[in-house]
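Engineer: fold the following for me, if possible:
(2 chains)
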Amino acid sequence: MNRCFKIFLCCVIAGAGLLQAEGFHSYEKTTSVEMGIGASYNISSYSTPDNGAALFSGRVGHPLFRLNVSHFFARHWGAYVAAGFVPNSFLSTQKAVLDKLHPKNDGYDYITTNNSKGRRGYALTLGAIYRWDKSHWSLRPMIGIGLSSYNLEDTYTAYRKVEGTNRMEKIQYGVAQDSHCGITSFVVTPAIDVTLHISRKFDFFCNLSYEINTAEVWQKYKVSELHSGREIESSVAKEPIGNNISACFGVRYHILVKK
Amino acid sequence: MRKLIYKIAVMLVIALVSVSCGYDEYVSDEVVGMRLEGFDNAGKIPQAIESGRCSGQSYMLWVSFVIKDYGDVAELSNPMVALRFITLTDFDESHPAGSDVTEFFDMYPIRPEISASDYDTYEYEPVRFAIPSHNSPIGVVYQEGAYFMLMKSPAEERECRFATDVEFSDGKILSAQCQAVTLY
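Structural biologist: Numbers count the residues shown, from 1 in each chain, chains lettered A, B, ... in the order given. Now for the predicted structure:
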């Protein structure tokens, strides 16, 4: 009990100190580097009923890793360069994709792998930040433009079998042949950042952003009989790379602080 | 400090043991035998037939090979040039006992020993076999072979039994027979 009270007292003192730490960053010329982790969710609109699932898993969440370097050269204004990496998601397994592409209990047994499919990519943006500093926290709207590069898998093959029989069908889906698997896109990223100053050198931050990718890619989907090769259904559609809403949090370190 | 050195040493030993325990497929140069077993493909995963009865629409055969010196893979100096299925019983009016029924079988696209487990928890891999011919012989054979699905069932319920043989470029022929099964 005594120990709990001491810990509580230390927290109160530290908190009070933090609140009293009057403007240890307010409007200083700083150069900072930050690292964050979070999640990104694709919220694009698609023309096909599967919402881009055959192309890159469609509307699913992905982990997000972000590295950002920023410099404030004026009281309110600064510039930043940010690199974001979106790896494949566990929600993008081939089984998850086929569950989206086909209704359950449709008379077929699906034979799929647990391989993750989907898109993994990078985005590099340059932008401007406006800051509104208070003593222990700050609010920073920002906007950036840049390039993103997404690796979409070429062709995935799965199989399905009419229940109780040897009649098998081959399902192929992915990027159509006249599209490239590595897609580079122009990207615009408005964002807002809430920062909590924890010391003269360190901040905690929380960032909410919206990444608008302009590129589109052809999606293919084909089902054919395994025995005869006869095509049962197929579609080709042009779909957007995807617009992502992302949230991440992390730590910012101030390399250089000038009054 | 001693504890730290001890921990690092233990981790190194574990890492070395893990690396050395990696499984390599043993490569030989000859196929010395083969097996033929009937399977039921009615469910998601092919199952061995225990009752002696199977639907003609889901019957399949598993062709597997015995590699010299208990090998996993055979890199053949005399490649395999043909694989045939023969019916040992009257299959239909135009295919009496002894007829070649290879055209009724189609290769299952998944590796047999992988498909014997649950697809939802294990990843499948594509089959590592191709139907050989004189124009496209195969020089590498894995002992797991392949499943072959019966694509045409007999018109009425009847007892069937199949055999398979493979031919190599030096003229050697290996064959195997499966157990009789009632196809309905």
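Engineer: thought B:I173 was touching B:T164?
Structural biologist: No: between B:I173 and B:T164 there is no contact under CB atoms under 8 Å: 10.8 Å. Quick note: C-beta positions are derived from backbone N, CA and C, even for glycine.
Engineer: mind listing the residues bridging to whichever residue of the stretch 1-150 of chain A sits closest to chain B?
Structural biologist: Nearest residue of the stretch 1-150 of chain A to chain B: A:D109, at 4.2 Å (CB to the nearest CB). In this entry, A:D109 is beta-bridged to A:K161, by DSSP bridges.
Engineer: isn't it right next to A:E163, touching?
Structural biologist: Yes: applying CB under 8 Å, one finds A:D109 in contact with A:E163, separated by 5.8 Å.
Engineer: okay, those two: which has more neighbours?
Structural biologist: Neighbours were counted for A:D109 and for A:E163 using other CB atoms under 10 Å in any protein chain shown; A:D109 has more, 18 against 15.
Engineer: residues contacting that one?
Structural biologist: Neighbouring residues of A:D109 by CB atoms under 8 Å, 6 or more residues apart in numbering or on different chains: A:R160, A:K161, A:E163, B:G43, B:K44.
Engineer: how about B:M149?
Structural biologist: A:N166, A:M168, B:N41, B:Y59, B:M60, B:F105, B:D106, B:M107, B:Y108.
Engineer: one more time with 6 Å
Structural biologist: A:N166, B:M60, B:D106, B:Y108 (CB atoms under 6 Å, 6 or more residues apart in numbering or on different chains).
Engineer: what about the closest residue to it other than its chain neighbours, neighbour count?
Structural biologist: Of all residues not flanking B:M149 in the chain, A:N166 sits nearest, at 3.8 Å (CB to CB, 6 or more residues apart in numbering or on different chains). A:N166: 27 surrounding residues under other CB under 10 Å.
Engineer: and A:N166, what's its pLDDT?
Structural biologist: In this prediction, A:N166 carries a pLDDT score of 93.
Engineer: can you pull up the bridge partners for B:M60?
Structural biologist: B:F39, B:M149.
Engineer: what about it, how many neighbours?
Structural biologist: By other CB under 10 Å, 25 other residues sit near B:M60.
Engineer: how much space separates it from A:E216?
Structural biologist: As judged by CB to CB, to the nearest Å, B:M60 and A:E216 stand 43 Å apart.
Engineer: circling back: what about B:I173 and B:T164, which has more around it?
Structural biologist: More neighbours surround B:T164 than the other of B:I173 and B:T164, with 22 against 10 (other CB under 10 Å).
Engineer: list the contacts of the more buried one.
Structural biologist: B:T164 touches B:L36, B:V63, B:F85, B:A176, counting by CB under 6 Å, 6+ apart.
Engineer: same deal with B:C178?
Structural biologist: Neighbour list for B:C178: B:L36, B:E37, B:G38, B:F162 [criterion: CB under 6 Å, 6+ apart].
Engineer: return the member of the residues you listed nearest to chain A.
Structural biologist: Distances from chain A to the contacts of B:C178, taken by CB to the nearest CB, are shortest for B:G38, at 12.8 Å.
Engineer: and the pLDDT for the closest one?
Structural biologist: Value for B:G38, per-residue pLDDT: 94.
Engineer: same question, B:S169
Structural biologist: The per-residue pLDDT of B:S169 was computed as 94.
Engineer: residue contacts, it?
Structural biologist: For B:S169, the contacting residues are B:N78, B:P79, B:V81, by CB under 6 Å, 6+ apart.
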